[in-house]
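> Here's a sequence, model it:
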Amino acid sequence: MLLRHSKEFNKISLSDQTELLESNLMTITLLSIFEAYNSSTHTVLWKLTEQDFNFLAKEGIKVPHGRVVFSLSDALNKVDTDLTDDLTKLFNFFDYFSQIGLPRPSLYLLLLVVVFNQDCVDVKNKEDVESTRKYFLFSLFESLVASEGVLGACSIAARLHTALNDLNRIAHILGQKFIDVEES
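I've put the predicted structure just below:
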């Protein structure tokens, strides 16, 4: 939804859009889930879509207020054991990320920065993609300066750099586990 309204994203070629999304979608998804993370209770409050709500109702599962709250232990009880370590890393990342001090409104700018990350991508128009990424990076920094001051913004930016590298590794591992490989 966010990208549909981004004129910067729509300006780049369809093939570059596809490349960026294929490479960065898991990281973007995990950052989006972070928005629903409550660091004081170490839980994710997931707002259900109408389709999710109807499915759960058919299964006889009551969901008050159309929301599901789950913790790491709840999630570990529902997934295959080969995802245990990865989910633990993800919840540990959420705990760490919540301590960085990134204001929630700045998360949307960070999502756009991540969308235009071309580290592992073969885009045709590298200059435009990098220019757009820099635009969102500067916007994010300006937002942080306005809310946290220059020193606070620099401190958050340094921690964000490390955190995003960690999140990219987690996303890459999770992405590999969710990709079906067909044998010939």
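
> Check the residue sitting nearest the centre point of the chain and give its pLDDT.
Residue closest to the mean C-alpha point of the chain, counted by Cα atoms, centre = their mean, is Leu31 at 2.0 Å. Looking at Leu31, its pLDDT reads 93.

> From the contact counts, what lies against the helix ranked longest in the chain?
Counting residues, the longest helix found in the chain (DSSP state H) is helix 126-178. With contacts taken as 3 or more Cβ pairs under 8 Å, 6 or more residues apart in numbering; DSSP states H and E, helix 126-178 sits against helix 7-11, helix 14-34, helix 84-99, helix 106-115. C-beta: built from backbone N, CA, C; applies to glycine.

> could those helices be laid out in a markdown table, adding distance to Thr43?
Formatted as a markdown table, these follow (distance: least, Cβ to Cβ, whole Å):
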| stretch | distance to Thr43 |
| --- | --- |
| helix 7-11 | 32 |
| helix 14-34 | 12 |
| helix 84-99 | 9 |
| helix 106-115 | 18 |
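
> Deepest in the core, which of the ones you listed is it.
Greatest average neighbour count among the helices and strands packed on helix 126-178 goes to helix 106-115 (a mean of 20), per mean count of other Cβ atoms under 10 Å.

> Would you check how far apart Gly152 and Phe141 are?
11 Å (Cβ to Cβ, to the nearest Å).
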